[in-house]
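Visitor: the following block contains a protein sequence and its predicted model.
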Amino acid sequence: MFLKDYISDVVNGVSSLLKGMRKTGYYFTHPKEIITEQYPDNRATLLLSERFKGEVVMPHDANNEHTCTGCTACELACPNGTIKVVTKFEVSPEGKKKKAIDTLVYRLELCTMCNLCIVACPSDAIKMAPNFEHSVFDRTKLTKVLNQPGSKIREGIE
Amino acid sequence: MYNQTEIIKDTSELGADGELVINMGPQHPATHGVLHLVVTLNGETIKKIEPHLGFIHRSIEKMCESLTYRQFIYVTSRMDYLSSHINNLGCALLVEKGMQIEVPERAKYIRVILSELTRIASHELWLGAMAMDLGAFTPFFYAFREREMITDIMEDTCGARLTMNYIVPGGLMYDLHPDFQKKVKAFITQFKSKVTEYEDLVTNNIIFQSRTKGVGILSAEDAISYGCTGPVARASGVSCDIRKIYPYEVYDKVEFDEVIETAGDSFARYIVRVKEMNQSIRIIEQLIDNIPEGDFVGKTKNVLKLPKGEFYSRVETARGEFGVYVVSEGGTTPHRIKFRSPGFSNLSVLNHIAAGGMIGDLMASMGTLDLVIPDIDR
Amino acid sequence: MFSLEGITTSVQDWLFMKFNPTMALAMECVIVILLSISLFAILGLILVLMERKVAAHIQIRLGPNRVGPGGMFQTVADTLKLIMKEGLVPDKADKFLFNLAPFVVMMVGMLLLAPIAFAKNFQIWDINIGVLYISAVSSLSVIGILMAGWASNNKYSLLGAMRSGAQIVSYELSAGFAVLTIVVLTGSLQLSEIVKAQENGWWIFKGHIPALIAFVLYIIAVTAETNRAPFDLAEAESELTAGFHTEYSGMRFALFFLAEYINIFIVCAIGATLFFGGWMPLHIGNWEAFNHIMDYIPSSVWFMGKTFFLIFLIMWFRWTFPRLRVDQLLNLEWKYLLPISLFNLLLVAIIAILGWHF
């Protein structure tokens, strides 16, 4: 009886080990199963989801116009103080004063990509872009001004 | 109290009776983070384990007190980063409960599906890491292959792979990705076809079984008195699934079993988590085709203000009960906030279950407790 | 036809023609030392790369593929890095033993190269007690490991060294018994004799089931003896960070690393010699034509092929199984492997006496 248990112990143990070896052996002999992505080489074909939250950008159209009114909703929504809106008053041709942004400072190194600013924005002026290669040698380069130089607010956006 | 110099003095020489005091961590391959264990050994046998915490303390609770009810949710992703979605859900539930915000059905369904996907992803990572603790490196990669599909689904829909922040009070941040259902179904087929692999490589492996069976036994009484929750308590026979006891969202509408094992050893904890993955798949299968149409976010005020009082909400994360306790003074930010993280209570049993075992048993016990250190330190 | 035997004979003839016998012998010694050192270096580079590639493919990865074509020079780059790294010695370490330990481990590997027959008549030292010599010398490596563990003045290292001591002392037994089964079948301790006895078939085929059991026991025992997973308790990455070589860095660490792979090579070479006929080509009974074709493959290729097959087997183990616990490790030896190998030896003795083997 003891001997029978002993032998079945050994046989069961060895067979369980062999099962595992068959599985790893299968993968060793089937290189098609390899899932590695050759990252820097596949940059051209690398598809990130369009929703991927990589950094905040401000889209500009062909006339170098954006839709940011300078309402500072994003600045208030941000939990980390990542966004700083510097406003100025633009004088329209009719002589009316209108609030507009001077610069929208975005500090990537503070950003946690929580998306709250995008949700808060009433005029869809900013959005998340699927960029992830953010490494730089100089930390100051991570502080970005989102509105392009010379850009102005699109007509009809209040 | 914690005295740095005293510890250094203690550990630099042999203890009484030839005891060996070794510091495991804060940098150690098996602690999976900055956990510091002062382990007193007698040869290979462990006499005492003293966990020292605080290496990754970021004062999240204090930080939340200066953030509004919309903002504080994202911070909780950084606690138990493996079930970040479920943590977010717990906070959103609290705000919704406090302000009586109506959440659309569609949002509820999606929240549950994503929670279960998060749970599977977390258990997959745990499975790989635990096998690696026991010296089997390969299952880690197989588990990550399936987990990668989930993170891709998360990336498509939530825009992030780990710290999603997809849930806002009242619903969701934005609607589902059009490919969501297709991808989830593809994942379910892939998962079902690969689950036997874990059985061959890990579950049925004689070495794995002998390493985990009868190791780190936690009785049901001890599990309750130490405040263990989640798979750790369920492996000891304690029924404590928040999804069953206090159903939130649509958990009362779906059929699933609360996985309970009675052995209380490391192997039981392992089995509970593996079976839980299958139950999560079952929940997703019931919901994925029945997501109702409609809004994904309910109507909320622009500025959220919780009425004066105390609020508590709980959810079942991959590690156990996650509770959020908020004292509100009626302002836009919480007056005091406290998170009840499952990892902390689960870690507290470590000395109880691993003392008396060997160093190898400590790895099995610690691995099956499934500790996430930022969750413990906060 | 290419043969290493021809090269050695012509070199020897040339040396003895040009110099007096003492001088020629001394020069031969120098050549052998240089060759074995370069064999060490090359084997280390190849085996580390092979391990990484095997691991990668088992783990559905690609493995090293950046340095050189297909990552061929990855290990060369790694070695360069290790050479340039600072070799730290802990403050309270026993400096002499600490520095000596890696060399002791290496030395054992070098000594073990002596009786191995790499090809037909290509052997450094055809000692008539070759098998005995191997069993004796291979157990010396534990001294180096104990030395490293003790001298590091690190508790992890000490635990690793103690584990390694217990492990090697016990697994020597079943490795010895597995080797003995072949000695019983052959009736000789000399490695060249053992190879010659397998001219008409390898022992793994000729020796029936006992030889197969002996082979399995041998593979398990040597995996343990070389501190490889699932028996890598002396290193046990997740338990003891790096075990006995926790405190080693730079070139001293590289020597330990190299010694591990050299030991694997040597035990696999011995396994190939004992069970798979060493350099002997695959001969099946009296299939003259088939045997003749097999003879055309150089004997060194046969030897290396068999050895690398066994090395692959050991690597396959490592990347499949979890690690055993230290008491289970000893249980396995004393409760399973030792009784089985004793019983197996008895079986083999009966077979050998009755002449049931082919």
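Guide: Here it is on my side, so go on. Residues are numbered from 1 along each chain as shown, chains lettered A, B, ... in the order given.

Visitor: so which residue is smack in the middle of chain A?
Guide: A:Gly54 (1.5 Å; Cα atoms, centre = their mean).

Visitor: my guess is it contacts A:Met113. True?
Guide: Yes - between A:Gly54 and A:Met113 a contact is recorded at 7.2 Å, counting by Cβ atoms under 8 Å. (C-beta placed from N, C-alpha, C; glycine too.)

Visitor: identify the contacts common to these two.
Guide: Common neighbours of A:Gly54 and A:Met113 are listed as A:Met128 (criterion: Cβ atoms under 8 Å, 6 or more residues apart in numbering or on different chains).

Visitor: count the neighbours of the closest residue in space to the residue nearest to the centre of chain A that isn't next to it in sequence for me.
Guide: Distances taken as Cβ to Cβ, 6 or more residues apart in numbering or on different chains put A:Asn131 closest to A:Gly54, at 4.3 Å, once the chain neighbours are dropped. A:Asn131 has 12 neighbouring residues, counting by other Cβ atoms under 10 Å in any protein chain shown.

Visitor: for A:Ile7, same thing?
Guide: Neighbourhood size, A:Ile7 [other Cβ under 10 Å]: 11.

Visitor: residues in contact with it?
Guide: Not one residue lies near A:Ile7 by Cβ under 8 Å, 6+ apart.

Visitor: could I get the lengthiest strand in chain A in PDB with only the CA atoms?
Guide: Identified as the longest strand of chain A according to DSSP state E is strand A:97-107. Output of strand A:97-107 as PDB, limited to C-alpha atoms (Å, rounded to 0.1, in the frame of the first residue of the first chain):
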ATOM      1  CA  LYS A  97     -12.400  95.500 -25.000                       C
ATOM      2  CA  LYS A  98     -12.500  91.700 -25.200                       C
ATOM      3  CA  LYS A  99     -10.900  89.200 -22.800                       C
ATOM      4  CA  ALA A 100      -8.500  86.800 -24.600                       C
ATOM      5  CA  ILE A 101      -5.500  84.600 -23.700                       C
ATOM      6  CA  ASP A 102      -2.000  85.900 -23.800                       C
ATOM      7  CA  THR A 103      -0.400  82.600 -23.100                       C
ATOM      8  CA  LEU A 104      -1.800  79.300 -21.800                       C
ATOM      9  CA  VAL A 105       1.100  77.700 -19.900                       C
ATOM     10  CA  TYR A 106       1.000  74.000 -19.600                       C
ATOM     11  CA  ARG A 107       3.500  72.200 -17.300                       C
END
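
Visitor: contacts for that strand?
Guide: By Cβ under 8 Å, 6+ apart, the residues outside strand A:97-107 that reach it are A:55-56, A:58, A:68-70, A:81-92, A:126, A:142-147, A:152-153.

Visitor: ok now whichever helix or strand comes after that strand, how far from the chain's centre?
Guide: Remark: after strand A:97-107, the chain's next helix or strand is helix A:116-120, criterion DSSP states H and E. The chain centroid and the centroid of helix A:116-120 are separated by 14 Å, computed with Cα atoms, centre = their mean, to the nearest Å.

Visitor: only C-alpha atoms, please: export helix A:116-120 in PDB.
Guide: This file holds the C-alpha atoms of helix A:116-120, laid out as PDB (Å, rounded to 0.1, in the frame of the first residue of the first chain):
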ATOM      1  CA  LEU A 116     -10.500  67.100 -16.000                       C
ATOM      2  CA  CYS A 117      -9.400  70.200 -17.900                       C
ATOM      3  CA  ILE A 118     -10.600  68.800 -21.200                       C
ATOM      4  CA  VAL A 119     -14.000  68.000 -19.700                       C
ATOM      5  CA  ALA A 120     -14.200  71.400 -18.000                       C
END
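
Visitor: can you list contacts of stretch B:35-42?
Guide: Residues outside stretch B:35-42 that contact it (Cβ under 8 Å, 6+ apart): B:7, B:10-11, B:15, B:17-26, B:28, B:31, B:46-53, B:55, B:347, B:350, B:359, B:362, B:371, B:373, B:376, C:159.

Visitor: number of nearby residues for C:Val222?
Guide: C:Val222 has 26 neighbours, counted by other Cβ under 10 Å.

Visitor: now do the contacts for the spatially closest residue to it that is not a sequence neighbour.
Guide: Once flanking residues are discounted, C:Val222 sits nearest to C:Val267: 4.0 Å by Cβ to Cβ, 6+ apart. Neighbouring residues of C:Val267 by Cβ under 8 Å, 6+ apart: C:138, C:222, C:225-226.

Visitor: helix, strand, or coil at C:Val267?
Guide: Three-state assignment for C:Val267 (DSSP: H, G, I helix; E, B strand; the rest coil): helix.

Visitor: ok, it to C:Phe103 distance?
Guide: Distance of C:Val267 to C:Phe103, given as Cβ to Cβ, to the nearest Å: 20 Å.

Visitor: equivalent analysis for B:Gly159, please.
Guide: Here the criterion is Cβ to Cβ. By it, B:Gly159 lies 56 Å from C:Phe103.

Visitor: okay, the two: which has more neighbours?
Guide: Using other Cβ under 10 Å, the more surrounded residue of B:Gly159 and C:Phe103 is B:Gly159, with 25 against 15.

Visitor: the residue of chain B at minimum distance from chain C - how many residues pack around it?
Guide: Chain B approaches chain C most closely through B:Gly135 (2.8 Å), counting by Cβ to the nearest Cβ. For B:Gly135, the count of nearby residues is 27 (other Cβ under 10 Å).

Visitor: and what of C:Leu45?
Guide: By other Cβ under 10 Å, the residues close to C:Leu45 number 19.

Visitor: and the pLDDT at it?
Guide: For C:Leu45, the pLDDT comes out at 87.

Visitor: show me the contacts for C:Glu260.
Guide: For C:Glu260, the contacting residues are C:226-228, by Cβ under 8 Å, 6+ apart.

Visitor: of all these, which comes closest to chain A?
Guide: Using Cβ to the nearest Cβ, C:Arg228 comes nearest to chain A of the contacts of C:Glu260, at 14.7 Å.
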